[in-house]
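A.B. asks: Okay, sequence plus prediction incoming.
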Amino acid sequence: MKAAIFTKNDRRNTWIMIAIAFAIVIALEYATPSEYVFGYLYTGPILLTNYRLGRKANLQVTLAASALTLVNLFIPDYDFSLPTLANRFIAVLALVVTGWLSDRIRHYEEAIANQQGKLLYQQRLASMREDFVSTLTHDLKTPILGAIETIKSFEKGQFGECSFAQRKVLEMMVRSHQSTLQLVQTLLDIYQYDSEGLKLKLKLVNLASLVEEVIATLTELAASRRVHISLNYGASNFRQNLWVNGDALQLQRVFTNLLINAINHSPRGGKVEVRLESDSHQQVVKILDRGQGIPKDELAHLFERFYQGSSDRQSQGSGLGLYLSRQIITAHGGTIWAENLLPSGALFGFRLPSSPAISENS
């Protein structure tokens, strides 16, 4: 604890207490022969001084206690016998060590208190930043939605007929605003999940049906990049049902994030493959692309919040989609991972526990 928190009155009272303690020890020391050592009792005033008065006062009291302990060799009588000298010097050494250690402890306590204060400040600052971003993203939704509806009104000809070229531009503007809206919603979800936790609405979900729906919604995006999406079931040539106990909306977001990631990083004319594999214990989803792959030193960080790697794969993302996907899969009791393919490309996959209620081929 810092001495600065004590008032002048407290410091004066402390000096009085120290003087009284010194008087008692001096009386015991000088009223008895030199071979009786009471100097160890000065440790009490030394510790009190360090606690209440600070480093300078601690040094003064320690030196005074040490000097008084040695002076007792001469008063009340001269005694320079070896045992007495040894006891006195040992007592002085103990006092000096006590003063030094108490000063070190005080220094460490002040350093710890200073670091705790800085940490608390950083935590409050981080909380303020998150509250600000959460409020800002929430307020951004209204103007973005308004802009989308206005553009759609132009598309419908409510403000006059649009040419083919104008409609194409309007369609592009709608897609751009919808992407921005999706990013804003992702930010809101992340801050909500971090503060309140992810609340799942669990029911039986067929992953095969879910991914088919997501692929259908991304057909236009894939076509714009000339990327073909294929769906297969591992070693089986027939469609299978992959049942899990999960939140359909959240799992749909995972499929969307991983597929958009694969489409964006596939070369034009490339192929994105979705593999569904099943056994009695788990359902496995793998999404493969033939892009540039992922640098090895970035693999361990891909699912971190706001992570932006140095590779081309990360240049178009915000670092939120994969982080949010990991949150969702983890909340379902599953695991998500990424790995490189040979000779090129990347695989993003996740595993979920199979639902015990329905068999894999039902």
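C.D. replies: Noted; the coordinates are in hand.
A.B. asks: contacts and neighbour counts: CA atoms only from here.
C.D. replies: Noted.
A.B. asks: for the host helix or strand of R253, which positions count as buried?
C.D. replies: Using DSSP states H and E, R253 sits in helix 248-264. When neighbours are counted by 16 or more other CA atoms under 10 Å, the buried residues of helix 248-264 are found to be 248, 250-264.
A.B. asks: out of the residues you listed, what pair is the most spread apart?
C.D. replies: With CA to CA as the measure, no two of the buried residues of helix 248-264 lie farther apart than A248 and N264, at 24.0 Å.
A.B. asks: Tell me where the stretch 151-300 of the chain has helices.
C.D. replies: Counting by DSSP state H, counting those that start in this stretch, the stretch 151-300 of the chain forms helices over residues 164-196, 207-217, 219-224, 248-264, 296-299, given from the N-terminal end onward.
A.B. asks: Dump those helices into TSV; add mean pLDDT as well.
C.D. replies: Formatted as TSV, those follow (pLDDT from 0 to 100):
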stretch	mean pLDDT
helix 164-196	78
helix 207-217	93
helix 219-224	88
helix 248-264	92
helix 296-299	84
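A.B. asks: Quick check: which of those helices is nearest to L48?
C.D. replies: Proximity to L48 (CA to CA) singles out helix 164-196 among the helices of the stretch 151-300 of the chain, at 44.7 Å.
A.B. asks: now the angle between helix 248-264 and the closest one, please.
C.D. replies: Using axes from the mean of the first three to the mean of the last three CA atoms, to 10 degrees, the interaxial angle of helix 164-196 with respect to helix 248-264 works out to 130 degrees.
A.B. asks: Packing partners of helix 164-196?
C.D. replies: Under the contact definition 3 or more CA pairs under 8 Å, 6 or more residues apart in numbering; DSSP states H and E, helix 164-196 sits against helix 82-155, helix 321-331.
A.B. asks: And those helices, which one averages the lowest pLDDT?
C.D. replies: Comparing mean pLDDT across the helices and strands packed on helix 164-196, the weakest is helix 82-155, with a mean of 81.
A.B. asks: Now do the buried residues in stretch 146-157.
C.D. replies: By 16+ other CA under 10 Å, the buried positions in stretch 146-157 come out as 147-148, 151-152, 154-155.
A.B. asks: ok, now stretch 14-27?
C.D. replies: Using 16+ other CA under 10 Å as the burial criterion, the residues of stretch 14-27 that qualify are 14-15, 18, 21-22, 25-26.
A.B. asks: Could you single out the nearest of the residues you listed to Q282?
C.D. replies: Nearest to Q282, judged by CA to CA, of the buried residues of stretch 14-27 is T14 at 70.4 Å.
A.B. asks: what secondary structure does the residue nearest the centre of the chain sit in?
C.D. replies: Residue closest to the average C-alpha location in the chain (CA atoms, centre = their mean): R305, at 8.6 Å. Classification of R305 using DSSP: H, G, I helix; E, B strand; the rest coil returns coil.
A.B. asks: Could you find the closest non-adjacent residue to it?
C.D. replies: The shortest distance from R305 to any residue other than its chain neighbours is 5.3 Å, reached at Y323 (CA to CA, 6 or more residues apart in numbering).
A.B. asks: give me every residue that touches that neighbour.
C.D. replies: 302-306 (CA atoms under 8 Å, 6 or more residues apart in numbering).
A.B. asks: quick one: it from M173, how far?
C.D. replies: Taking CA to CA, to the nearest Å as the measure, Y323 and M173 are separated by 27 Å.
A.B. asks: Likewise for Y233?
C.D. replies: When CA to CA is the yardstick, Y233 and M173 sit 37 Å from each other.
A.B. asks: Over to Y42?
C.D. replies: Taking CA to CA as the criterion, Y42 is separated from M173 by 82 Å.
A.B. asks: Have a look at these two and say which one is more surrounded.
C.D. replies: Comparing Y42 with M173 by other CA atoms under 10 Å, the one with more neighbours is Y42, at 27 against 16.
A.B. asks: For that one, which non-adjacent residue is closest in space?
C.D. replies: Leaving out its chain neighbours, the residue that sits closest to Y42 by CA to CA, 6+ apart is A65, at 6.1 Å.
A.B. asks: The one you found and G39 touch, don't they?
C.D. replies: Yes - the pair A65 and G39 passes the contact test of CA atoms under 8 Å, sitting 7.3 Å apart.
A.B. asks: overlap in contacts of these two?
C.D. replies: Common contacts of A65 and G39 (CA under 8 Å, 6+ apart): V92.
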